[in-house]
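Asks: Sequence and predicted structure are below.
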Amino acid sequence: MSAGLGRTRSVALSGLDGTLVDVEAHIGQGLPHFSVGGLPDAACAQAPDRVRAAAGNAGTPVPPHRVTVNLSPASIPKRGAGFDLPIAVAVLAAAGVLRPALVEDVVHLGELALDGRLRGVRGVLPAVLEATRRGVRHVVVPLENVAEAQLVDDVHVHAARSLADVIGWYRAAADGTPVPVAEVRTDDDAPTQHRADLADVVGQPEARVALELSATGGHHLLMNGPPGVGKTMLAERLVTILPPLTREQALETHAIRSLAGHVGEVTRLDRTPPFVAPHHSTSVAALAGGGSGVVVPGAISRAHHGVLFLDEAPEFKGTVLQTLRQPLESGEVVIARARQSVRYPARFLLVLAANPCPCGRSYGKAIDCTCTSTEIRGYASRLSGPLLDRVDLQVHVPPVRRSAIGDEVGEPSAAVAGRVAAAREVQRERWRASGGARWLLNGLVPGHVLRRPPFRLPGHVTADIDRSLDTGRITLRGYDRVLRVAWSAADLAGHESPSRDDVATALVLRRGEAVAA
Amino acid sequence: MTSAGERAAGAVSARMALGRYGEELVARYLRERGMEVVARNWRCEHGEIDIVARDGPCLVVCEVKTRRGTAFGDPVEAVTVAKAMRLRRLAGAYVREQGGHRGPVRVDVVGVLCEDGRPPVLRHVRGVGS
């Protein structure tokens, strides 16, 4: 075996951002040695042991010479065992087992087992997306990840069971046989079946209106009410009335899922917006993203383009709730480390649920409530402040009376979703026409736009909130929020601009906390 | 017990004979390559140098590894990084003791693979450990 060079490609991920990596192998004179350079982490630096064993078991042992592998650009950290396959391919190309020209422009991803099988890795979807953006036309992935890789257009996905498969393909390709393309495993446009439906919820007309407004204008929502009245049920059903994700949005959410979930979890493009409900004991890192070494996306990023539901919101630690503020403003979260800063998207609809008091029974005449007034005040104050300022809708969810149980079933999600979609279309047209390229939803429109012409409302329409502002019952920020919700209410009702009734509705839903406290 | 001891002694002597055969083979090979063998089995407190040769101006300290098969890897693979470092130390010790050598010094490893029924195969790795 002559000394030689082999080269192939792979992708290194930092957050969702990928970088195309050249994997170069050189076999030279010297004592048998196998080293990997170019900033590998511990798992990646152990690749030589796995590659040596896997190649031996595939019938093409790594030659007993000095093997040097370099991962370029060397300045970017390479994490995990996903570089095993490209390293093996580059080394075998350098050893003359594979024809170097065949493997040069192919991206390889996958971890090698000692017996030569290929194991699935995380982050295949963002990696393949980046490779395709950079003009790569062929990717080789483990069989476990094939469905995920096939979500990406314009790229040939080859699914390998083992290193022997890959070697066999390239040897056949040298004789002119094309490398087999994996058969399509993803059913992209499969109808998404929702098991949950808004028709399941008994009563709660006010909460239903709030939910519909929230979905229409992208307004964050706080539901206040005793346990067992259906707050969680309502929140879960918010995703069924939100418009389905576009293909780009779905790819984004699935790319995050590919990083955060189990290997091979992403199998099809689910257009339903994600619903993420972290427990109130969650840590800052679990919510915002973090972890030692690899920065894993947190709950807020998994809720990207979907709903983040915080049940028992006052029970969350104060620092945890505070971390929500920056993503709520910017729609992304930046996790800064000494060596790198990772950016994950996090544009979510926040739904908070709170009990009226720690024991949860302080409603109506509050006869059963065992909480002291200090406890109740402390409980309510945990949610107040900057976070609540960003919540447009605050609604009281009362206990359901017996009379409501016998009622006809509530409106199904499909009907509400239809109205929401129509109202969103109206908003899109209006804000696009007014030059607001950055916001297409009522919930994102800056306050000054709503207070100035052409969107300034006539005095007789805003009389109620003007009075509230004068008497100090709402702040100017609150004034803007009422206006935003009023626009959503108008869009839902089919009004050209908000009527006095729409503004009144918005004001009632704004004062939710006054009822609860 | 005695028979086991004899067997062990026999195995040791067989291995030593194989090693000596390999060294003989390598010495001949080096001479064929135009090198001059200066010393064989030179010993000091640090260990033993199998062959010391002169390749033009260069002093070559040569380690010979002979094996009957590749079940435990290529013969050359038996020379680990630690052993290569020891060879460097030995080379230094040799130059110090003999004196007078001013040119470069090189450490080589030659693997000899003697499989049954086949001619021995030599693999010469130059400049180890640098």
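Replies: Okay, I see it.
Asks: Next, count neighbours for residue B:99.
Replies: By other Cβ atoms under 10 Å in any protein chain shown, the residues close to residue B:99 number 6. Yep, even glycine has a C-beta here, placed from its N, CA and C like the rest.
Asks: Show me what from the stretch 51-200 of chain A comes close to chain B.
Replies: Contact residues (Cβ under 8 Å from any Cβ of the partner chain) of the stretch 51-200 of chain A with chain B: residue A:64.
Asks: Taking the stretch 51-200 of chain A, what residue is nearest to chain B?
Replies: Relative to chain B, the nearest point of the stretch 51-200 of chain A is residue A:64 (3.9 Å; Cβ to the nearest Cβ).
Asks: Enumerate every residue touching that residue.
Replies: A:32, B:73-74, B:76-77 (Cβ atoms under 8 Å, 6 or more residues apart in numbering or on different chains).
Asks: any idea how far residue A:93 lies from residue A:115?
Replies: Using Cβ to Cβ, to the nearest Å, residue A:93 is found at 22 Å from residue A:115.
Asks: quick one: which of those two has more around it?
Replies: residue A:93 (26 against 13).
Asks: picking up where we left off before, please produce a PyMOL select command covering the buried subset of the contacts of residue A:64.
Replies: PyMOL command restricting those to the buried ones, with burial defined by 16 or more other Cβ atoms under 10 Å in any protein chain shown:
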select buried, (chain A and resi 32) or (chain B and resi 74+76+77)
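Asks: just to revisit the earlier point, quick one: the residue of the stretch 51-200 of chain A closest to chain B is in a strand?
Replies: No - read with DSSP: H, G, I helix; E, B strand; the rest coil, residue A:64 is coil and lies in no strand.
Asks: nearest to residue A:447, of the contacts of residue A:64?
Replies: The closest of the contacts of residue A:64 to residue A:447 turns out to be residue A:32 (Cβ to Cβ; 69.7 Å).
Asks: Mind pulling the model confidence for the closest residue to the closest one other than its chain neighbours?
Replies: The spatially closest residue to residue A:32, leaving aside those adjacent along the chain, is residue A:64, at 4.1 Å (Cβ to Cβ, 6 or more residues apart in numbering or on different chains). Looking at residue A:64, its pLDDT is 84.
Asks: Can you pull the phi and psi angles for residue A:64?
Replies: Torsion angles at residue A:64 (phi, psi; degrees, to the nearest 10) stand at phi -80, psi 60.
Asks: quick one: low-confidence ranges for the stretch 251-400 of chain A?
Replies: The stretch 251-400 of chain A contains residues with pLDDT under 70 at A:384.
Asks: Recalculate using a threshold of 80.
Replies: A:263-267, A:292-294, A:339-340, A:361-367, A:384-386, A:389, A:400 (pLDDT under 80).
Asks: Residues of chain B that sit close to chain A?
Replies: Counting by Cβ under 8 Å from any Cβ, chain B sits next to chain A at B:73-74, B:76-77, B:79, B:81, B:84, B:109, B:125-129.
Asks: for chain B, longest helix please?
Replies: helix B:2-32 (DSSP state H).
Asks: how many neighbours does residue 112 have?
Replies: No chain was given, so I picked chain A. 28.
Asks: not what I meant, chain B
Replies: 24.
Asks: what's the answer for residue A:243, then?
Replies: Quick note: residue A:243 (other Cβ under 10 Å) scores 15 neighbours.
Asks: Next, the closest residue to residue A:218 other than its chain neighbours: secondary structure please.
Replies: Once flanking residues are discounted, residue A:218 sits nearest to residue A:443: 3.6 Å by Cβ to Cβ, 6+ apart. Following three-state DSSP, we place residue A:443 in the helix state.
Asks: Contact partners for residue A:443?
Replies: A:217-220, A:392, A:484, A:488.
Asks: Likewise for residue A:486?
Replies: Counted by Cβ under 8 Å, 6+ apart, residue A:486 has contacts A:457, A:498, A:502-503, A:505-506.
Asks: check those against chain B, which are close?
Replies: Of those, not one also sits near chain B (Cβ under 8 Å from any Cβ).
Asks: which one among those gets closest to residue A:379?
Replies: For these, the nearest to residue A:379 is residue A:506 (26.6 Å; Cβ to Cβ).
Asks: Cross-check the contact I'm expecting between the closest one and residue A:478.
Replies: No - checked against Cβ atoms under 8 Å, the pair residue A:506 and residue A:478 is beyond contact range at 10.4 Å.
Asks: So between the two, which is more surrounded?
Replies: Ranked by neighbour count (other Cβ under 10 Å), residue A:506 and residue A:478 place residue A:506 first, with 27 against 18.
Asks: Look at that one and report its pLDDT.
Replies: 89.
Asks: Sticking with it, tell me its helix or strand.
Replies: helix A:500-510 (DSSP states H and E).
Asks: Also residue A:459?
Replies: Per DSSP H and E: nothing holds residue A:459, as it lies in no helix or strand.
Asks: I'd like the distance from the spatially closest residue to it that is not a sequence neighbour to chain B, if you could.
Replies: Excluding the flanking residues, the one nearest residue A:459 by Cβ to Cβ, 6+ apart is residue A:466, at 7.3 Å. Taking Cβ to the nearest Cβ, to the nearest Å as the criterion, residue A:466 is separated from chain B by 82 Å.
Asks: can you check residue A:251 too?
Replies: Applying Cβ to the nearest Cβ to residue A:251 and chain B gives a distance of 47 Å.
Asks: which residues are in contact with whichever strand or helix holds that residue?
Replies: For residue A:251, the element it lies in under DSSP H and E is helix A:247-260. Outside helix A:247-260, the residues that touch it by Cβ under 8 Å, 6+ apart are A:13, A:16, A:122-126, A:129, A:148, A:151-152, A:245, A:265-266, A:269-271, A:273-274, A:296-297, A:301-302, A:304-306, A:344-345.
Asks: Of the residues you listed, select the buried ones using a PyMOL command.
Replies: Only the buried entries of the contacts of helix A:247-260 go into this PyMOL selection, using 16+ other Cβ under 10 Å:
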select buried, chain A and resi 13+16+122+123+124+125+126+129+148+151+152+245+266+269+270+271+273+274+296+297+301+302+304+305+306+344+345
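Asks: Mark which of the contacts of helix A:247-260 are part of strands, please.
Replies: Judged by DSSP state E, strands contain the following of those: A:13, A:296-297, A:344-345.
Asks: Just name the closest of the residues you listed to chain B, please.
Replies: residue A:13 (32.9 Å).
Asks: Surely that closest one and residue A:127 touch.
Replies: Yes - using Cβ under 8 Å, residue A:13 is in contact with residue A:127, at 6.0 Å.
Asks: Kindly export the biggest helix by length in chain A (C-alpha atoms) in PDB.
Replies: What stands out as the longest helix in chain A, according to DSSP H, is helix A:413-433. Taking Å, rounded to 0.1, in the frame of the first residue of the first chain, the C-alpha atoms of helix A:413-433 are listed here in PDB:
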ATOM      1  CA  SER A 413     -60.900  23.200  16.600                       C
ATOM      2  CA  ALA A 414     -61.300  23.100  12.800                       C
ATOM      3  CA  ALA A 415     -64.000  25.900  12.800                       C
ATOM      4  CA  VAL A 416     -61.900  28.100  15.000                       C
ATOM      5  CA  ALA A 417     -58.800  27.400  13.000                       C
ATOM      6  CA  GLY A 418     -60.600  28.500   9.900                       C
ATOM      7  CA  ARG A 419     -61.400  31.900  11.500                       C
ATOM      8  CA  VAL A 420     -57.900  32.300  12.800                       C
ATOM      9  CA  ALA A 421     -56.400  31.600   9.400                       C
ATOM     10  CA  ALA A 422     -58.600  34.100   7.700                       C
ATOM     11  CA  ALA A 423     -57.900  36.800  10.400                       C
ATOM     12  CA  ARG A 424     -54.100  36.100  10.000                       C
ATOM     13  CA  GLU A 425     -54.400  36.700   6.300                       C
ATOM     14  CA  VAL A 426     -56.100  40.000   6.900                       C
ATOM     15  CA  GLN A 427     -53.300  41.100   9.200                       C
ATOM     16  CA  ARG A 428     -50.600  40.000   6.800                       C
ATOM     17  CA  GLU A 429     -52.200  42.100   4.000                       C
ATOM     18  CA  ARG A 430     -52.600  45.100   6.300                       C
ATOM     19  CA  TRP A 431     -49.200  45.200   7.900                       C
ATOM     20  CA  ARG A 432     -47.400  44.400   4.700                       C
ATOM     21  CA  ALA A 433     -49.100  47.200   2.900                       C
END
